[in-house]
Every structure is written in C-alpha cells, then in structure tokens.
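1. Have a look; sequence and predicted model below, questions after that.
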Number of protein chains: 4
Amino acid sequence: MASQKNGSLKHKLYSIIFEAETPAGRTFDILLLIIIVASVVVVSLESVVSLRRDHLHLFQALEWTFTILFTIEYFLRIYSSQKPLKYVFSFFGIIDFLAIIPTYLSLFVVGSQYLLVIRVFRLLRIARIFRLTRFVNEGKVLSKALSASLTKITVFLGVVVMMVIVVGTLMYVIEGRQSGYTSIPISIYWAIVTLTTVGFGDITPTTPLGQLLASCLMIMGYGIIAVPTGIVSVELSRADKLDATSRVCPNCHKEGHSSDAKYCDNCAYPLRGNT
Amino acid sequence: MASQKNGSLKHKLYSIIFEAETPAGRTFDILLLIIIVASVVVVSLESVVSLRRDHLHLFQALEWTFTILFTIEYFLRIYSSQKPLKYVFSFFGIIDFLAIIPTYLSLFVVGSQYLLVIRVFRLLRIARIFRLTRFVNEGKVLSKALSASLTKITVFLGVVVMMVIVVGTLMYVIEGRQSGYTSIPISIYWAIVTLTTVGFGDITPTTPLGQLLASCLMIMGYGIIAVPTGIVSVELSRADKLDATSRVCPNCHKEGHSSDAKYCDNCAYPLRGNT
Amino acid sequence: MASQKNGSLKHKLYSIIFEAETPAGRTFDILLLIIIVASVVVVSLESVVSLRRDHLHLFQALEWTFTILFTIEYFLRIYSSQKPLKYVFSFFGIIDFLAIIPTYLSLFVVGSQYLLVIRVFRLLRIARIFRLTRFVNEGKVLSKALSASLTKITVFLGVVVMMVIVVGTLMYVIEGRQSGYTSIPISIYWAIVTLTTVGFGDITPTTPLGQLLASCLMIMGYGIIAVPTGIVSVELSRADKLDATSRVCPNCHKEGHSSDAKYCDNCAYPLRGNT
Amino acid sequence: MASQKNGSLKHKLYSIIFEAETPAGRTFDILLLIIIVASVVVVSLESVVSLRRDHLHLFQALEWTFTILFTIEYFLRIYSSQKPLKYVFSFFGIIDFLAIIPTYLSLFVVGSQYLLVIRVFRLLRIARIFRLTRFVNEGKVLSKALSASLTKITVFLGVVVMMVIVVGTLMYVIEGRQSGYTSIPISIYWAIVTLTTVGFGDITPTTPLGQLLASCLMIMGYGIIAVPTGIVSVELSRADKLDATSRVCPNCHKEGHSSDAKYCDNCAYPLRGNT
C-alpha cells in the first residue's frame, strides 16, 4: 500500500514536471521558464566587469539559489521517471545536468571562467517547455517547409560558397596585403561579410579594380537573396494549401485531398462534402 | 432655444474636428496635419546646436504659436465632445495633452531639455488623421495578415533570440575582451547587429575561429530572412484570395467571382450587388 | 516636288531617329546607346583627379566630339519632327538640350564644375531607347504591380517614417552628444541607417540602454522587410495570373475573365473556349 | 582479344570516372570531392603568412601529392574517353588542365604567386560531381525560374544601375572631396554599397543635404529588394504549379492531379502511371 501511494506520488510528480495538461503542470512550467530566463540574465550580467566587481556577493548568492533549485528539479525528474537511466542519457537529461554541474565544479577547479559560460546553455532548457505548447504546430509547419526545400537551399548555399571562395581569392590577388586582405581565408571572410550585405567595414577595397569587383559582389548578394526567399515562400504556400484542405478518405485514410475532389484519388471511394 | 443653438454649434464643431466626411472636416484635418508636421520639424531643428544658437527667438516664437494652436484645439475637442471625460482619458486625449504640456512646464521647470523632447510624440497625433481615411483599409489588410502570422513570427523570433544569445556567448569566450567583446550582453548586441545584416563594424572578430563563427552567423542571417518574408507573403496572398472569393453564385454555387462581376461566369445567373 | 522629296527625307529621318522598327532605326539606336554610355563613362573618369591631370587634352577632345554628335542629333530631331516645338518642350526634348548645353556654357562661364556634372543626366536619354524595345512590357508589368500596391506601400512607409522619428528622438535623449547623436535630425539619419540594415557604423550606440533600443530597431528592421516583399509578391502574382488568362468578351470587351469562365461576368455573353 | 580486354578496361574506367551509377563510380566521386576540397583548403591556408613560414615543407608535400593525383586522374580521363580531343578542349577538360599546370610551372617560373592562386579554381571541378546527382534537378528548377524572369530582372537591374549613377553623381557634387567622395566612380561605388544595404562605412556623408539624399537612397534600397524577390517567388511558384498540374484525367479532362493519385478525384476514372 505504501508502494501504491509512492507510485501515485511518483505519477503525480511526473505529470507536474514532465507534462503541461494539468493546472499544476502549467504553473510548474511557467515558474521554470521564469527561473531559467532569470538565471541566464544573471550569467550575462555577471560577465560585465563593473557589475561583477560591485555586486560579487549578490551574483554568487543568486547563482547558488538557481543551482540548488535546478539540482532539486533534476533529482525530482530522475525520481519520477519510469526509466531514470533513459532520462539521464536523453538530450534534455544531459542539458539538465550541464545546467547544474559548472557551479559545483567551480568550487574545486580554480579560475574556470569558460566553464561558467556553459551555464548560458540553460537557455536550451526553454525548448522543452515550448515543446509542450501550441507553438509546436507552427514550428512544425515552418520546419516542414524548410526541410521540403532543403535540397534547393543546399544547391543555393553551394553556389554561394563557391562564389565567395572564388571572389575572395580574386580580391586577395587584386587588393593584396596592404588593404587588409592578408590571406585567402581573410579574403573569403570579407566576401561573406559583403555578399550577405552585413558590411562591417573592417576590411574594404581601395583599388579601383577591387571596388569594381566588390560592387558586382554586392549587387549579386542583393539580388540572390530573392532565391531562398522565393523557395521558402513557395514551400510555405504549399504547406498552407495542404493544411487548408486536409480531407481524409474514410475508406483508405489517404490525406490531403483538394477541396473540390469528389472521389478519393487513391481508392476511388466517394468523399463526403467539404466543411 | 439658445441651448439648441449651442447644441447645434457643438454638433457642427464635433463633425469638423472629429470627423472627415464634410469639406470643413477635411480642411481641418489637412490644416492639422500641416501644423503637426511643421511642429515636429521645428522641434527637430531646434536640437541642432548651431541653428538653436542663431535663431533662438524664432524657435521660441514658433513653439509658442504651435502650443497655443494645439491648446485651442484641445479645449475645442473637450467642449464639443458628448462625454468630455471619456475623451480626456482616451489614448488620443492623453496624446493631445502631452503635445501641449511640455511647453507650459518649461516656464516653471528650469533646463528641462528631456521634457521638450516629448513634443516629438505630437507625431502620433497624425495617426488619428489617418484613421479617418482610405489608408485604413490597406492598413487593416496588412495588420490582419501580420496578426494571422503572429504565432509563426513568434516562433521565428524565439529561434532568432536563442541563436543570438548562444552565438553571442560563444563569441565572448572565443574573442575575449581585447577584440571589444567585453561582456556577454555586448557580445549578444554584436550578434544581433550581425544576424540582422546591419553590420556597424564597431566590434569585429579578429581571431580565425571568431571569423569562422561570424561567417556562419552571417550566412544564417542572410538565409533565414526568407522565413518571415515567406510567412507574410503567404498570409497576404491568403487575405488577397479571401477578398476575391467572397461572392458565391446563388444558382450554381460557384465561388470566386470578382467584385465587379454582374453575372455568374459559370451559369450566367445574375449576381447580387457588391457588399 | 522638291517639297515632297523633302517630306520623304523628313519622314525617313523620323523613322530612323524616333522609331526602332526598321534595321536603320535599330542601328541608330544601338549607336546612340554606345555613344551615351561612352560619354557618361568619360564624364565619370574626368572627375578622377589623377586621370584628369594626366589626360586633360584627351578628355576635352572626347567631350567636344560627344557634344558635337549630340548637337547634330538634336537638330536632326527638331528638323524631322512634325511638331518641332512640341518635341523641344517635351520631357526628352529638355533632356536632349541639357545633354549638350553644359559643354557650350563652359566656354563662357568660368570654373563651372557643377555645371559639367549635369552631363551625367545624359544617362536618362537611355530611357528613350528602352522605351522602344521589348523591355517595355516587362517594365509595364513591374510598374503596374508597384502602382497597384502603392497604397499598401505608402501605409508601410508611413509606419517606417514614424518609427524612425520616434526611435531617433529617443536615441538622441538616451545617447546624447558624446556618442555622435548631436541632434535629432542626425539621430533620425542614424535610425534610418540602422532600420534599413545598412549600418555604416559612423555613429554607434555606446550606452547599454542605447544598445538595447538599437537591438530592437535592428530586429524590427530585419523583420518588417517582409512586408513590402509580401505586398509586391502578391501583386506580381496577381498580375501574372491576369496576364495568363487575358480572355476578352466579344460582346462587351471586358477583359480579365478567369480561364474556367463560360460566360462573361459583365454581360452574360457566352465566351469562346480557352486557348 | 587483347584489344577487346583493353576496350573493356577502357569502358570500365570510363564508367568509374565519368559516371556515378555504379558503386565504384560513386566511391570515385566521393574520393575526388574530398581531395578537391582538401586541396583548396591547403591552397587557402598556404596564403596565411605565419602558417606558410612554419609549415612550408608540409604544404609543398601536400601540394605535390594533390598535383600528382590530379595528373594521374587527368591522363586516365584522356585515356578512357572515346574522343580524347573533345574532352581535352571541353569546359571541364580545360578546368582539369588548369588544376595541375600551375604547380609544374612553379618549378620553372620563379616567384609566381599569382599563378598558384589559379589552383583555387580547382573548386569548379566540384561542379562536375554535382552534375551527376539529384541536386541537378533542383538546380534546373532554380535556373529555369531565374532565366524565365531574366527580362524582368534585367529591367530591374537597369533601373538600379541608373539610380546608382545619378545618386552617386549628386553625392559627388553635394559632399565633395573632403568627405571621401573624391571622384564620380568612387561616389557610384558608395551608392552601390548603400543601396544594397551593405554599408561598409569607409565613406559616409557628413553634410545635412548628403545625409538626406543618403536616407532616401537607403529607404529605396530597403524597399526595392522586394521587386526581385517578388519576381523570383512568382516564377518559382509557377514552376511549382506546372510540376503539379501535369496529369490530366483522360475521361473528364480535369487537371492538377497529384503525382501519387491513382484515380481521378472528379470522376473516379483510373489515371495512367506517373511519368
């Protein structure tokens, strides 16, 4: 009987921590979201030298509060899981572990600034919360449209990469070291900065020929942005149409019949009227 | 009878000041538009040191002219309203009040430069005038399409914000203080400048690894602009289609007649009038 | 009879100079195109100090050659026109006059560098040649789509201008003179540079609050580019569809019936089959 | 019989080197891809002064390994071709020759840094491998859509070029030499940098009038990017639709059946197989 009670507690904890259907589950998710965001904000502000110098104790107190809260949550997750090991080695299990370990390690390993930065990846824990909400459907439509156009986008990126390498090399030859094009990799970096219309201005062409080539690259970069945009528009438009006409055949269960179809195009069974 | 005359005057004033159907109302709106724009231009130019020094008296004269005109208008609005209190505490009522109060306050509060800047928000008063014109329909189509794609755009912005925080933190670790990445917030600011392809160039990566990561961020920023563009295109296209397919033939039920069609183009049955 | 011969010569000249159907007309257009481009290139190169110093006589010789050629062409245009005065005061007549007058004026007016720059507007003469070619149809489709979406684009630009003025003023207050935001007009200029993702980097925010506001502005600028793109896509797509289904009613001559229409939707007259 | 064996060897080599259907052919392509990429990476890194100084012998050894491998491949390609001369003077034959000749020439011609840069064009050899894969279809759709909208894009680019020349010239007059607008070509270069929203910031306007004109140019550049994007979207969407509506019902002639439909969804008539 104690075991049953225990099992019931475990089940209740599981539904609160891992699910979002119950009011308690939703409250837990919102609390967790706030703590994660607060924790990332604290990590960010701690990196500002003047703030760290003036409020060192405050930062340390906050950091330990967050770490202890996340540690309790981590062990509750392990406890309430049906298969604790599966959770521990899952993607989110590892993220949860990485969210707490740097603070403990900082007690033993001295001066590990880079280690503490790992705490920013706590941010990825937010992804878990969003997995449970209505944003997922929209995310699915977007990622479906993106993956449907993946081959087209790969071709496009391939052409961009080739263009950038060829133009970067030409600029290295034309402009030379004195303008800042000190090597081919740097020149390729400049070509990416230019083609993507970012244009930092840390390296700029100074010879007429270099400026001419840069002008061509800029106009190309300005124009070819149209290609991925067009690809994604068409895919999203197609996904949108399929979504709008998701009629299912009652006989063979094939989906995606268009809104004016009278018969299933897979098994010729008559379809019911549009709704 | 005096009261009726008064009521009639109030009504007439109301239709001139708050509406745009009558010729007098239109003239009032155009005059108001010109005065608002002129007033904002004067506030802007007054901030230029050399102009302010040379033409101080001109600026003060203009400023008081605008303020007195807006004050008269404000009291006329209160007078002609059916429910003056409702107007005073409405959004536009508060904007109208904020448009006149800084100039009067500047008589009593000394050296309140920041207060005077509030006068630029007079610009928001233009929104009221546009509310009355044909631009509203177009604005509605745009804002409807934007709000329909709000969830998709939120997902997209969420991904962008996460990407920017993660890349910003990585750059802080990779580049370090000597390249200008002095803290995580500054590095995130740099990542936003880069991802949005603005590229000020006030902070730029100098290590090969930093330049590689920056290159990836730039190509991503260049590519993912396609996503919001695709989303808005699809929504606008859908709004456009809905607009076009709102008329149905009462005889054969064919949809999608254009707004100026008189007969069904499928069965020649006369269509009812446009709505 | 001499008059008839003269009229025939005039007519022949007219068809060569003003039209592009005959082989002679095409050859004339291509020659003119080359001379205009060459002339603009010479004006551009003449502005380079080192080139001007070394090749002054060459530039002067070329310039007078072009001017004399354009002068001959100008008088031939006047001579061959049916209504010479109408030509002289037409848009292209004035452009043609402006293309030759600066060189002659430079003989009398001393040191008129700015006057000579007018010669670059010879470039606008190219527009005349393109008016005669197949590029015109494409240009018409584009300009039709743009003018159809003009109201939407005006609303969009209005919102952009307001946003830029409000953010510019806020930045002037937040950042102040020491960061380069010396006046409200300069701050608005910076806001335009930022919102349009140009990002010169001549003025950049240095305070944390300014960088936060700048980040918001950049993300907005990155996102709202989707709006005009979506508008133009939808309009071009509509223009494309209309173009593809340009069926005309033989009874009332109404255009733009959709490809599956059986009856004219204006007068109910039966339409002929699709082609 | 030796000749037949020889012919069989030639044929086998041909299918391995020039085709990608057999497992051996695929393995060869993947190996070649890796070697080409490695070779380009080595050429790039060799241009970095510090790396070249420290690892000169390693670079030379790698370079000769790649060159010898490419030389063997080149002669195998000549040997296995049916028409060796046709291969040698084909586009890819010349690229293959240019990929190996600079290294040999560097033995005889002293200090030919620029010659070695030609080796980067080995990159173009990758295009051959992609020609054989499924990426080609996607590439065809993209290039078909681009070439279909070529006239529209030419009109657009023509307008952009004119705008850039006119604004560049105006900026040369307005800003003058002291702001960096030293000649008309430089000013046109600046106008391109600005219109394409790259914005290096090496040259920036400093006079109020110049900043006003620059603001107009930036807003235009920000807006007109919508035009090529819209053009390509419409063309891609059309290509997409053509792809989707290629199947017609032989009974009721309804078009637009999806590629996996077995029966007409309008009259339930069986459809013929996909092609």
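-> Done, it's in. Residues are numbered from 1 along each chain as shown, chains lettered A, B, ... in the order given.
2. Please name the residues that touch the nearest residue to A:V167 once chain neighbours are set aside.
-> Sequence neighbours aside, A:A191 is the residue nearest to A:V167 in space, at 4.7 Å (criterion: CB to CB, 6 or more residues apart in numbering or on different chains). To be clear about C-beta, it is placed using only N, CA and C from the backbone, and glycine gets the same treatment. Neighbouring residues of A:A191 by CB atoms under 8 Å, 6 or more residues apart in numbering or on different chains: A:163-165, A:167-168, A:171, A:217.
3. ok, of these, which one's closest to chain C?
-> Proximity of the contacts of A:A191 to chain C (CB to the nearest CB) peaks at A:L217, which lies at 16.4 Å.
4. for A:M162, helix, strand, or coil?
-> Recorded secondary structure, A:M162: helix (DSSP: H, G, I helix; E, B strand; the rest coil).
5. how is chain A carved up into domains?
-> In terms of domains, chain A is parsed into A:2-131, A:137-238 (source: automatic domain parsing).
6. Return the residues of the stretch 51-200 of chain A in contact with chain D.
-> Listed as neighbours of chain D in the stretch 51-200 of chain A under the rule CB under 8 Å from any CB of the partner chain: A:151-152, A:154-156, A:158, A:162, A:165-166, A:169, A:172-173, A:182-185, A:188, A:194, A:197-200.
7. give me the subset of those residues touching chain B.
-> A:185, A:188, A:197-200.
8. any low-confidence regions in the stretch 101-250 of chain A?
-> A:110-114, A:130-138, A:240-250 (pLDDT under 70).
9. 90 - rerun?
-> By pLDDT under 90, the weakly predicted segments of the stretch 101-250 of chain A are A:101-163, A:166, A:169, A:173-180, A:220-250.
10. Now do the helices in it.
-> Ranges of helices within the stretch 101-250 of chain A are A:113-117, A:125-131, A:135-148, A:150-175, A:184-195, A:208-224, A:226-244, based on DSSP state H, counting those that start in this stretch.
11. And the residue of the stretch 1-150 of chain A that's closest to chain D?
-> A:S149 (9.0 Å).
12. Any figure for the gap between that residue and chain C?
-> Note on A:S149: its distance to chain C, by CB to the nearest CB, to the nearest Å, is 16 Å.
13. List phi and psi for that residue.
-> A:S149 adopts backbone torsions of phi -100, psi 20, taken as degrees, to the nearest 10.
14. any chance of the contacts of A:A191 in CSV, plus neighbour count?
-> Formatted as CSV, the contacts of A:A191 follow (neighbours: other CB atoms under 10 Å in any protein chain shown):
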residue, neighbour count
A:M163, 16
A:V164, 24
A:I165, 22
A:V167, 22
A:G168, 25
A:M171, 27
A:L217, 24
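15. Correct me if wrong: the residue of the stretch 1-150 of chain A closest to chain D contacts A:G230.
-> No: when contacts are counted by CB atoms under 8 Å, A:S149 is not listed as touching A:G230 (9.7 Å).
16. Which residue is the nearest non-sequential neighbour of A:V37?
-> Nearest to A:V37 is A:I126, by CB to CB, 6+ apart, at 7.6 Å.
17. Contacts only, for that neighbour.
-> A:33, A:36-37, B:162.
18. What of A:I35?
-> So A:I35 contacts A:66, A:69-70 (CB under 8 Å, 6+ apart).
19. Which PyMOL command selects the buried ones in those residues?
-> Per 16 or more other CB atoms under 10 Å in any protein chain shown, the buried members of the contacts of A:I35 correspond to this PyMOL selection:
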select buried, chain A and resi 66+70
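20. What is the burial count for the residue of the stretch 1-150 of chain A closest to chain D?
-> 24 (other CB atoms under 10 Å in any protein chain shown).
21. Spit out the contact partners of it.
-> A:231-232, A:234-235.
22. Among these, the buried ones, what's the PyMOL command?
-> Buried members of those can be picked out in PyMOL with the line below, counting by 16+ other CB under 10 Å:
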select buried, chain A and resi 231+232+234+235
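23. Give the helix, strand or coil label for A:S8.
-> Strictly by three-state DSSP, A:S8 counts as helix.
24. wait, what's in contact with it?
-> When contacts are counted by CB under 8 Å, 6+ apart, A:S8 touches no other residue.
25. Over to the one 5 residues further on?
-> The neighbours of A:L13, taking CB under 8 Å, 6+ apart as the test, are A:76, A:79-80.
26. Enumerate every residue touching A:L195.
-> Shown in contact with A:L195 (CB under 8 Å, 6+ apart): A:160, A:163-164, A:167, A:217-218, A:220-221, B:222.
27. rerun that using 7 Å as the cut-off
-> Going by CB atoms under 7 Å, 6 or more residues apart in numbering or on different chains, A:L195 touches A:160, A:163-164, A:217, A:220-221.
28. Need those residues in CSV (columns: distance to C:D96).
-> Shown next, in CSV, are the contacts of A:L195 (distance: CB to CB, whole Å):
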residue, distance to C:D96
A:V160, 44
A:M163, 41
A:V164, 44
A:L217, 36
A:M220, 34
A:G221, 37
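29. For A:P270, grab phi and psi.
-> Dihedral angles (degrees, to the nearest 10) for A:P270: phi -60, psi 140.
30. Number of residues surrounding it?
-> A:P270 has 12 nearby residues by other CB under 10 Å.
31. Pairing partners for it in the sheet, please.
-> According to DSSP bridges, the partner residues bridging A:P270 are A:Y263.
32. ok, back up a step: and the residue of the stretch 1-150 of chain A closest to chain D, how far is that from C:E46?
-> Distance, A:S149 to C:E46, by CB to CB, to the nearest Å: 49 Å.
33. thinking again about what came up before, can I get the helices of the stretch 101-250 of chain A in JSON lines with distance to D:Q211?
-> Formatted as JSON lines, the helices of the stretch 101-250 of chain A follow (distance: least, CB to CB, whole Å):
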{"stretch": "helix A:113-117", "distance to D:Q211": "41"}
{"stretch": "helix A:125-131", "distance to D:Q211": "42"}
{"stretch": "helix A:135-148", "distance to D:Q211": "39"}
{"stretch": "helix A:150-175", "distance to D:Q211": "29"}
{"stretch": "helix A:184-195", "distance to D:Q211": "23"}
{"stretch": "helix A:208-224", "distance to D:Q211": "21"}
{"stretch": "helix A:226-244", "distance to D:Q211": "29"}
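34. Around the one residue in the stretch 51-200 of chain A that gets nearest to chain D, how many other residues sit close by?
-> Closest to chain D within the stretch 51-200 of chain A is A:G199: 3.6 Å, counting by CB to the nearest CB. Other residues within reach of A:G199, judged by other CB under 10 Å, total 33.
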